[in-house]
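In: Here is a sequence together with a model predicted from it:
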Amino acid sequence: MRKRLTVSVDEETVREAEAAVAAGSAPSVSAWVAEAMSQRAQRERLKDVLAEIRGEIGPATDEETAWARSVLGL
């Protein structure tokens with residue numbers, strides 16, 4: 001189910017969304033925004049999971065962090 005909402009976005013972001021649509025990498029500005037919102041929600045959930053893991057086993061070592069960054073391409 002989709003829900004319609006109104007948001008205010010800076011002009012540069014609107015231009016980027018419109019460019020993505022023009023380039024064919026997004027079907028619509030609405031879809032582009034929805035994808036961004038979905039990705040943000042996923043990151044927030046992941047942060048919660050990582051915080052829970054850190055609470056149980058402690059922080060990652062430098063080696064573990066380097067490995068994770070390489071796997072994620074960061």
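Out: Now that the structure is in, tell me what you want to look at.
In: Spatially central, which residue of this structure would that be?
Out: Geometric centre of the chain, nearest residue: Gln39, 3.1 Å, by CA atoms, centre = their mean.
In: before we move on, which element is that one in?
Out: Assigned by DSSP states H and E, Gln39 falls within helix 29-57.
In: by contact count, what packs against that helix?
Out: Packing contacts for helix 29-57, counted by 3 or more CB pairs under 8 Å, 6 or more residues apart in numbering; DSSP states H and E, involve helix 11-22. C-betas here are computed from N, CA, C, even on glycine.
In: Could you check the angle the helix it packs on makes with helix 29-57?
Out: Counting by axes from the mean of the first three to the mean of the last three CA atoms, to 10 degrees, helix 11-22 lies at 110 degrees to helix 29-57.
In: Show me what helix 11-22 packs onto, helices and strands only.
Out: Helix 11-22 is packed against helix 29-57, with contacts defined by 3+ CB pairs under 8 Å, 6+ apart.
In: Centre of the chain to the helix it packs on, how far?
Out: Remark: helix 29-57 is offset 6 Å from the chain centroid, using CA atoms, centre = their mean, to the nearest Å.
In: Next secondary structure after it?
Out: Per DSSP H and E, the first helix or strand lying C-terminal to helix 29-57 is helix 62-72.
In: buried residues in the helix holding Gln39?
Out: Residues of helix 29-57 classed as buried by neighbour count (16 or more other CB atoms under 10 Å): 29, 32-33.
In: And Val71, how close does it get to Glu16?
Out: Distance from Val71 to Glu16, counting by CB to CB, to the nearest Å: 28 Å.
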